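# Sequence and predicted structure below; questions after.
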Amino acid sequence: MARAGAMRYFVLQENNRDTSHVFTGRQPRQAALKAATRGFTSITLRERGTKKLHIFEGKRVKTSAPSNAPDWMPDEIWRAQVRKKGIRHL
């Protein structure tokens, strides 16, 4: 098991095969948010070093920028949303 607070690596899978996309995060959700930001909607992440597949559904939503946004940021920004569908053990 990974140490608390340690960075974990998650490999994106498509058609039950690993892709070259690797996302990092302390939690699977953090890695799934990164994948959703890049436009993936059906997100299956294989956690390196374990026999777990984390399955998410993701999307990008256009929202207004926060009130404390810097001047260079546009008025509307893309924000990622994910919903966990489950875990599958290999």
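Done, it's in.
# Could you give the number of residues near the residue lying closest to Lys84 once chain neighbours are set aside?
Closest residue in space to Lys84, ignoring its immediate chain neighbours: Phe56 at 5.5 Å, by Cβ to Cβ, 6 or more residues apart in numbering. (Each C-beta comes from the backbone N, C-alpha and C, glycine too.) The tally of other residues near Phe56 (other Cβ atoms under 10 Å) stands at 22.
# Test my guess that Phe56 contacts Arg83.
Yes. The criterion here is Cβ atoms under 8 Å, and Phe56 meets it with Arg83 at 6.6 Å.
# Show the contacting residues for Pro74.
Ala65 (Cβ atoms under 8 Å, 6 or more residues apart in numbering).
# That one and Pro66, how far apart?
Pro74 sits at a distance of 12 Å from Pro66 (criterion: Cβ to Cβ, to the nearest Å).
# Same question for the most far-flung residue of the chain relative to its centre, what's its three-state structure.
The outermost residue of the chain relative to its centre, with distances by Cα atoms, centre = their mean, is Asp71 at 27.6 Å. Secondary structure, DSSP: H, G, I helix; E, B strand; the rest coil: Asp71 is coil.
# confidence score at it?
On pLDDT, Asp71 comes in at 94.
# What are the phi and psi values at it?
Main-chain torsions, Asp71, degrees, to the nearest 10: phi -60, psi -30.
# Show residues contacting stretch 55-70.
With Cβ under 8 Å, 6+ apart, stretch 55-70 has contacts from 28-29, 32-33, 35-37, 39-45, 73-88.
# mind listing which of those residues are in strands?
The members of those that map onto strands under DSSP state E are 42-45, 76-88.
# for the residue nearest the centre of the chain, what are its contacts?
Centroid check for the chain by Cα atoms, centre = their mean gives Ala32 as the closest residue, at 1.3 Å. Taking Cβ under 8 Å, 6+ apart as the criterion, Ala32 is in contact with Phe10, Phe23, Ile43, Leu45, His54, Phe56, Gly58, Val82, Lys84.
# All the helices of this structure, in order from the start?
Using DSSP state H, the helices of the chain run over 28-37.
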